[in-house]
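Colleague: Okay, here's the prediction I keep looking at, along with the sequence it came from:
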Amino acid sequence: MTQQSRNPLAARDPGRRRVVGGLFGLGAAALAAPLLTACGGGAGADPKTVTFGSNGADATPKSAYAALTKAFGQDSGLKVKTNTVDHDTFQKSISTYLQGTPDDVFTWFAGYRMQYFAKKKLCTPLDDVWDKIGAGFSDATKQLSRGEDGKYYFVPLYNYPWAVFYRKSLFKERGYQVPQKWSEFVALAKRMKRDGLSPIASGYGGGDSWSILGAFDYLNLRTNGYDFHMSLMRGKVSWTDPRTVAALDHWRELTPYYQQGAGGRSWQDAAQSLLDKKSGMAVIGLFLGQQITDEAIRSDIDFFPFPEIDSAHGQDAVEAPTDGFMLSRRPKNADGAKKFLEFLGGAHAEELYMGVDPSNLAVNQQANTGSYNALQKKSADLIASAKHISQFADRDSDPGFISTVVLPGLTEWLGHPDDGSGTLKKIESQRSRFFTA
Amino acid sequence: MSSTPVTPAAPGTPDVPRRPRTHPPRRPRRLGPGDRLFLTVAIGIPLAALLFFVWLPALASLGLSFTTWDGIDLADIHWIGLDNYQQIFTNYPPFWPAVRHNVIWLLFTALLPTPFGIFLAYQLDRKIRFTRVYQTAIFLPMVLSLAVVGFIWEIIYNPDTGLLNGLLSAAGSSHHIDWLGNADLNLWAVLVASGWRHTGYIMILYLAGLKGFDPALKEAAALDGANGRQTFLRVVFPAMKPVNIIILVVTVMESLRAFDIVYVLGGGVGSKPGMELLSLLITDNIIGESSHIGYGSALAVVLLLVSLAAIGTFLVQTFRKEDR
């Protein structure tokens, strides 16, 4: 059973999914669901092994997770078997994965996205784990780790802020000033374009269309404030609300300064154009650092918070998604898995992780931050000073709504940023399908 | 189920019922227990598999298309009648573009790569020099896995470093063309990639047919003074009818099930603006973090009906001609 239990993961490659997702697939899924439930008991599991499903398929997170599992193995005498699956694929098949025979511990995200699976009872409450690790976390983080029923379901590992990144040397050469206000920001973009740069690095091609949400979230947070943004995300406010229209209007002001050909470019290529000084700025997360191979460039990267649009809200909200771990609903080795989660929630695990991947921030307040680089320190300050912390559109909202309605709508609009109200009307027409049922 | 296997054999073979009359006393039963067992197994298992893996899921999706369900707890299935269909036809922005793109896909594939594949096969059959090299080169994309085909075309279409933009800017203008990102362009870009693969497939099918073609017919045509075009259109093409039918079926099938290359070039995340297809909308709604099984099923039923209409028309046409 131990080896065969990997099969649900193997079923995730596009080829198989094409078959499953095809014409008759859903019937098969309906058939398979009770069968899988029936055999998910996990008898005969090895008590010395904990299985771990990871979405960290890129080189940096992969080796960082490997360092964690190795250290845990040495401490506890338990063996961690890691299943690594590509990030996008992992997310897309999470629902089927959790209903099949998932790994004991799996990587996931805080917020609404975690609460959804807690509500559907596809994961195990972790209150006993939190009794041991709780002291290390702030109240805000605790809030992020609880389901709607008040129980803990999530162990956070790191977070990272989104901001506007730039190269210090480029700003110095050209005499650019860091903008505080929206008008300064637009004026700077205009000047960059005159100087022959792509003002805002942009790549949302292929599977990277999620990356535009960073800009949308900030535009909405700055124009309308945190409360409105969260109501919009939770499906409580109309997308055709004049306030949403206003946020989109600000975006339209910015679109002429986006890097050309963005719809076919990956976010990595867009980030590279910033590192190569072909683009002036990039609205992106701190994970941009994973793209840096030359350490000299790392110290030349800096960021500023997304500029203020309405002084009533200022720059009080920061978008800082939190990633961590959850426990599947019927773990084969529950005791071992909880020990592993206790380890992952501890300060030592965070230090180990950040030692390999310096583009994230420890969430556990007891973790030693002495080895942080300048960007990490500044990021930690930014998050600490924020009045509101949002996660990310696809974590604060129904991910299905975001990926099948909002993203196609907004990416299409970015291609021809004229008829904003038409786009919002299309999005609004689908809202009730996701939020009332 | 044990009695069913016997019956299908009877209507197809007219001489079977006559046999008992010729040897009535020696064989009271037409089939012994061994034969019955064999037939039960030989027909029963495939039949059960067909029912279980094809018809049951098909009927299940038909049933689910009248419900809402998040795919997790069976108790959460709620009957909502025709709501899903009404939503899809009147208020689902990507639906009509997807239908349009499916039709474009079918027309494009039938009108360009398919005839081109036939043309290539006809040319390569004429024992020209290096014909094997050409055949291999044109068939090569069919041998590659789709993921690789996707990578190749991603490299060609990349807006910054892609081959295509490189060549175009070398020709004078340094303007970026966003092949896969521009919603007016990306469907055509994907169709070219798909046609690249399809041409080789059709070529090899047709070439196989041409290898078995009787050269005497061509000689006779030549003696009658037919030129190359006339020989092909009036002699070779009609005589290749079985292969032509296969090619038509393959083309329609490939167009209706178009999914994989769009999925790969779209970055593996379902439908993108400009590249919506029915198959992608189905997966969008069914596979994902919050699945709408009922809604996706309704879309699947629409695609099923479209496919049945295409296949049905085709079968009726073919058999009507056969009967004549």
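Modeller: Yep, it's here.
Colleague: Give me the phi and psi for whichever residue of the stretch 101-250 of chain B sits closest to chain A.
Modeller: Chain A sits closest to B:Gly181 of the stretch 101-250 of chain B, with a gap of 1.8 Å, by CB to the nearest CB. Where you see a C-beta, it was placed from the backbone N, CA and C, and this is true even at glycine. Note on B:Gly181: backbone dihedrals following degrees, to the nearest 10 are phi -100, psi -30.
Colleague: do A:Gln260 as well
Modeller: Here is the backbone geometry of A:Gln260 (degrees, to the nearest 10): phi -70, psi 150.
Colleague: Skipping adjacent residues, who's closest to the residue in the stretch 101-250 of chain A positioned nearest to chain B in space?
Modeller: Residue of the stretch 101-250 of chain A nearest chain B, by CB to the nearest CB: A:Gly206 (2.5 Å). Once flanking residues are discounted, A:Gly206 sits nearest to B:Gly267: 2.5 Å by CB to CB, 6 or more residues apart in numbering or on different chains.
Colleague: Tell me who's in contact with A:Lys181.
Modeller: A:Lys181 sits next to A:307-308 when contact means CB atoms under 8 Å, 6 or more residues apart in numbering or on different chains.
Colleague: Any idea what it is bridged to?
Modeller: Beta-bridge partners of A:Lys181, counted by DSSP bridges, are A:Glu308.
Colleague: What of A:Val80?
Modeller: Beta-bridge partners for A:Val80, by DSSP bridges, are A:Val50.
Colleague: mind checking pLDDT for residue 99?
Modeller: Picking chain A for this. The score at A:Gln99 is 87. That number is its pLDDT.
Colleague: wrong one, I was asking about chain B
Modeller: The per-residue pLDDT reported for B:Val99 equals 91.
Colleague: wait, what's in contact with it?
Modeller: Taking CB under 8 Å, 6+ apart, we find B:Val99 in contact with B:Leu278.
Colleague: Give me the phi and psi for it.
Modeller: When read as degrees, to the nearest 10, the backbone of B:Val99 gives phi -60, psi -50.
Colleague: helix or strand for the residue nearest to A:Gln91 when sequence neighbours are not counted, which one?
Modeller: Of all residues not flanking A:Gln91 in the chain, B:Glu289 sits nearest, at 6.5 Å (CB to CB, 6+ apart). B:Glu289 is located outside every helix and strand, with elements delineated by DSSP states H and E.
Colleague: so B:Glu289 makes contact with A:Asp88?
Modeller: No: if you go by CB atoms under 8 Å, B:Glu289 and A:Asp88 don't touch, sitting 11.6 Å apart.
Colleague: Look at the residue nearest to A:Pro47 when sequence neighbours are not counted and say how many residues are nearby.
Modeller: Closest residue to A:Pro47 apart from its sequence neighbours, by CB to CB, 6+ apart: A:Asn333 at 6.0 Å. A:Asn333 has 20 neighbours, counted by other CB atoms under 10 Å in any protein chain shown.
Colleague: Now do the contacts for A:Asn333.
Modeller: By CB under 8 Å, 6+ apart, the contact list for A:Asn333 reads A:45-47, A:49-51, A:104.
Colleague: Format these as CSV; extra columns: pLDDT and neighbour count.
Modeller: Below are the contacts of A:Asn333 laid out as CSV (pLDDT from 0 to 100; neighbours: other CB atoms under 10 Å in any protein chain shown):
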residue, pLDDT, neighbour count
A:Ala45, 63, 19
A:Asp46, 76, 15
A:Pro47, 82, 10
A:Thr49, 91, 16
A:Val50, 93, 30
A:Thr51, 94, 28
A:Asp104, 94, 26
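Colleague: Identify, from the residues you listed, the entry nearest to chain B.
Modeller: Among the contacts of A:Asn333, and counting by CB to the nearest CB, the member closest to chain B is A:Asp104, at 19.8 Å.
Colleague: Phi first, then psi, for the closest one.
Modeller: phi -60, psi -50.
Colleague: wait, isn't it in contact with A:Asp46?
Modeller: No: using CB under 8 Å as the test, A:Asp104 is too far from A:Asp46 to be in contact (11.2 Å).
Colleague: Check the secondary structure at the residue nearest to A:Gly206 for me.
Modeller: When classified by DSSP: H, G, I helix; E, B strand; the rest coil, B:Gly267 comes out as coil.
Colleague: give the contact list for it.
Modeller: Residues near B:Gly267 by CB under 8 Å, 6+ apart: A:88, A:205-209.
Colleague: Can you tell me how far it is from A:Thr411?
Modeller: 11 Å (CB to CB, to the nearest Å).
Colleague: so what sits against both of the two?
Modeller: By CB under 8 Å, 6+ apart, B:Gly267 and A:Thr411 have these common neighbours: A:Ser209.
Colleague: about what we covered before: list the residues that contact the closest residue to the residue of the stretch 101-250 of chain B closest to chain A other than its chain neighbours.
Modeller: Spatial nearest neighbour of B:Gly181, chain neighbours left out: A:Gly263 (1.8 Å); criterion: CB to CB, 6+ apart. Counting by CB under 8 Å, 6+ apart, A:Gly263 makes contact with A:204-205, A:411, A:414-415, B:178, B:180-183, B:186.
Colleague: looking at these, which has the most residues close by?
Modeller: When neighbours are taken as other CB under 10 Å, the top entry among those is A:Gly205 (31 neighbours).
Colleague: Next up, the contacts around the closest residue to B:Ile311 other than its chain neighbours.
Modeller: In space, and not counting its chain neighbours, B:Ile311 is closest to B:Val252: 7.5 Å by CB to CB, 6+ apart. By CB under 8 Å, 6+ apart, B:Val252 lies in contact with B:106, B:110, B:310-311, B:314.
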